[in-house]
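Participant: sequence and predicted structure, then a few things I'm wondering about:
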Amino acid sequence: MNWQVMIESLPALAEGALLTLELVAVSGVLGLVLAVPMAMVRISPRGWVKALPMAHIYFFRGTPLLVQIYLVYYGSGQFEAIRSSFLWPYLSEAYWCAIIAFTLNTSAYTAEILRGALQSVPRGEVEAAEAVGMTPALIWRRIRLPRAFRIALPAYSNEVILMLKGSALASTITLMDLTGVARTIIARTYTPMELFLAAGLLYVLLTFMILGGFRLLEKRLNRHLQPR
């Protein structure tokens, strides 16, 4: 085991880890923004209303993330309309292609997590809000969504961890994330065991940090349930 290579590679791996965190954070926020309205529509009793979000969810949950990345990165350039549009400066860059693919992928999983959480909101709480004269919009804002977010938080933390691990696929389209940096150094030093071990330890550290953040958030959101 060449410990010297591992130590010397840590600064470069740390830079790759920052890009990994950036990919996860940006796509996670954008995916959550897309997932909330999709989850709200998914619980609609009207089939035609939820047809489009259902198609989105089934496609992105039913196909591999790597295929989705390739479709965005390699497939978008096949259309003249896209190459001549304002989207091309973004779709021609690996960074934005990864963000788009990760966002669409996680939005599908997050929408299903939120759908289940919305359906788990006790009916009695909604009826109590209706009884005091709350409007439907106010009930969504004050009762349904906050309650659903608290219910969904443990499952959503697992989705973020899966996003973190899935972000390693960004290296397949030339992005120098944590895995991409490790592969580049391996090609130069021929030390795959050492570099992948170091990268794995950094992924474990990132996972620990994310889980710790979610535990603190869950504790804060549920502080009214804590014994005094």
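Facilitator: Cool, got the structure.
Participant: list of residues touching the least confident helix or strand in the chain by mean pLDDT?
Facilitator: When the helices and strands of the chain are scored by mean pLDDT, DSSP states H and E, helix 80-83 comes last with a mean of 84. Residues from elsewhere that reach helix 80-83 (CB atoms under 8 Å, 6 or more residues apart in numbering): 76-77, 88, 91. Backbone N, C-alpha and C define where each C-beta goes, glycine included.
Participant: what comes up buried for that helix?
Facilitator: By 16 or more other CB atoms under 10 Å, helix 80-83 has no buried positions at all.
Participant: go on, stretch 153-173?
Facilitator: 153, 156-157, 159-161, 163-164, 166-173.
Participant: can you check stretch 9-22 too?
Facilitator: 9, 12-13, 16-17, 19-21.
Participant: so of these, which ones are in helices?
Facilitator: 9, 12-13, 16-17, 19-21 (DSSP state H).
Participant: ok, the residue most central in space within the chain - contacts?
Facilitator: Centrality entry for the chain: nearest residue to the mean C-alpha point is Gly28, 3.7 Å, by CA atoms, centre = their mean. By CB under 8 Å, 6+ apart, Gly28 lies in contact with 106, 160, 163.
Participant: how far away is it from Met40?
Facilitator: Going from Gly28 to Met40 by CB to CB, to the nearest Å gives 19 Å.
Participant: please apply the same query to Pro192.
Facilitator: 46 Å.
Participant: one more: Pro136?
Facilitator: 11 Å.
Participant: the two - which one has more neighbours?
Facilitator: Higher neighbour count among Pro136 and Met40: Met40, with 19 against 11, using other CB atoms under 10 Å.
Participant: check which helix or strand Leu211 maps to.
Facilitator: helix 192-221 (DSSP states H and E).
Participant: buried stuff in that helix?
Facilitator: Quick answer for helix 192-221 (16+ other CB under 10 Å): 194-195, 198-199, 202-203, 206, 210, 214.
Participant: nearest to Trp3 among the residues you listed?
Facilitator: Glu194 (7.5 Å; CB to CB).
Participant: which residues touch that closest one?
Facilitator: 1-3, 5-6, 9.
Participant: among those, which ones are buried?
Facilitator: 5-6, 9.
Participant: mind giving me CSV with the residues you listed and columns for pLDDT and distance to Gln68?
Facilitator: Formatted as CSV, the buried ones among the contacts of Glu194 follow (pLDDT from 0 to 100; distance: CB to CB, whole Å):
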residue, pLDDT, distance to Gln68
Val5, 85, 34
Met6, 86, 33
Ser9, 91, 30
